[in-house]
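*Asks:* Just need the structure, nothing else, for what follows:
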Amino acid sequence: MSGPLLQVRGLAKRYGARLACDGVGFALHPGEVLAVVGESGSGKSTLLGLIAGEIAADAGSVTYRMRDGVARDLAALGPAERRALMRTDWGFVRQDATLGLRMAVSAGGNVGERLMGVGERHYGRIRATALDWLARVEIAADRVDEPPSRFSGGMRQRLQIARNLVTAPRLVLMDEPTSGLDVSVQARLLDTIRGLVAELGLAVIIVTHDLAVARLLSHRILVMRGGRVIETGLTDQVLDDPQAPYTQLLVASVLAA
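*Replies:* From the prediction side, this is the model:
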């Protein structure tokens, strides 16, 4: 069916005198990758939290087109419906992988848990699928029974990706997924993300302060400052010919680095 997968209208959130999100709106279509960029404190992560329902909005709405084609206002979903959505049709790859993984559970168990959440109960199938996904994110099969507490930062992020994608979600939220990783580890992780997004036709909202990440992964870009959208458009167009003075400064700071 045609039409947006996700429709965000007028999202607003205030913390005291500070506007963390001020009337943000956009549409996201199936298979489209949207990068949300800006400096620290620009409202990027607040926007992601509002979309995910982890932060209560002061105003605005988030509408999602369910698999039956019906667009639902996420604020109207009951707790059980929202939990089901987040463990099946949505994924959330967090900046801190320890928040997105069960650190005391094995790597295979982390992937298998999400499969069990959608009703899979056959141990052999769960383990085989977990092994397949570990291979897809370049984690060796002999690490399947190790907990992520023994993994490096890059491996934890790759495991978090496998955990989120195993149920074939249609929308994945990513909050600075490469932040804090070594450059070589970042490059490997970005290759993994780009390949899987293209292969699976995922719709993605990725929050990043790194314009190179935005250029590599996204079709469209949304530039935020002080909780507001300053500029939006096709990624290459915005980064090659920025119109807003703030976006020009962001691009210039990267070129000067």
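
*Asks:* Can you show me the helices along the stretch 151-257 of the chain?
*Replies:* Along the stretch 151-257 of the chain, counting by DSSP state H, counting those that start in this stretch, helices occupy 153-165, 183-200, 211-217, 235-240, 245-256.

*Asks:* closest to A20 out of those helices?
*Replies:* helix 245-256 (17.1 Å; C-beta to C-beta). The way it works is simple: take the backbone N, C-alpha and C, and place the C-beta from them, glycine included.

*Asks:* what is the mean pLDDT for that closest one?
*Replies:* For helix 245-256, the mean per-residue pLDDT is 88.

*Asks:* Let me see the residues that make contact with it.
*Replies:* 37-39, 211-212, 223, 225, 230-231, 238-239, 242 (C-beta atoms under 8 Å, 6 or more residues apart in numbering).

*Asks:* where does the stretch 151-257 of the chain have low pLDDT?
*Replies:* Residue ranges of the stretch 151-257 of the chain with pLDDT under 70: 256-257.

*Asks:* related to what we said a few turns ago, can you put the contacts of helix 245-256 in a markdown table and add neighbour count and distance to R18?
*Replies:* Converted to a markdown table, the contacts of helix 245-256 look like this (neighbours: other C-beta atoms under 10 Å; distance: C-beta to C-beta, whole Å):
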| residue | neighbour count | distance to R18 |
| --- | --- | --- |
| V37 | 28 | 20 |
| G38 | 24 | 15 |
| E39 | 15 | 14 |
| L211 | 21 | 25 |
| A212 | 14 | 29 |
| V223 | 27 | 19 |
| R225 | 19 | 13 |
| I230 | 19 | 17 |
| E231 | 19 | 21 |
| V238 | 26 | 26 |
| L239 | 22 | 28 |
| P242 | 20 | 26 |
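
*Asks:* Closest one to V137 out of those, please.
*Replies:* Closest to V137, out of all of the contacts of helix 245-256 and judged by C-beta to C-beta, is A212, at 21.3 Å.

*Asks:* where's the closest one relative to V254, distance?
*Replies:* Going from A212 to V254 by C-beta to C-beta, to the nearest Å gives 7 Å.

*Asks:* count of residues packed around G119?
*Replies:* 7 (other C-beta atoms under 10 Å).

*Asks:* got it, and A57?
*Replies:* Counted with other C-beta under 10 Å, A57 comes out at 21.

*Asks:* Is it in a helix, a strand, or coil?
*Replies:* Secondary structure state of A57, per DSSP: H, G, I helix; E, B strand; the rest coil, is coil.

*Asks:* Looks like it contacts K13 (just checking).
*Replies:* Yes: A57 lies in contact with K13 (C-beta atoms under 8 Å); the separation is 5.9 Å.
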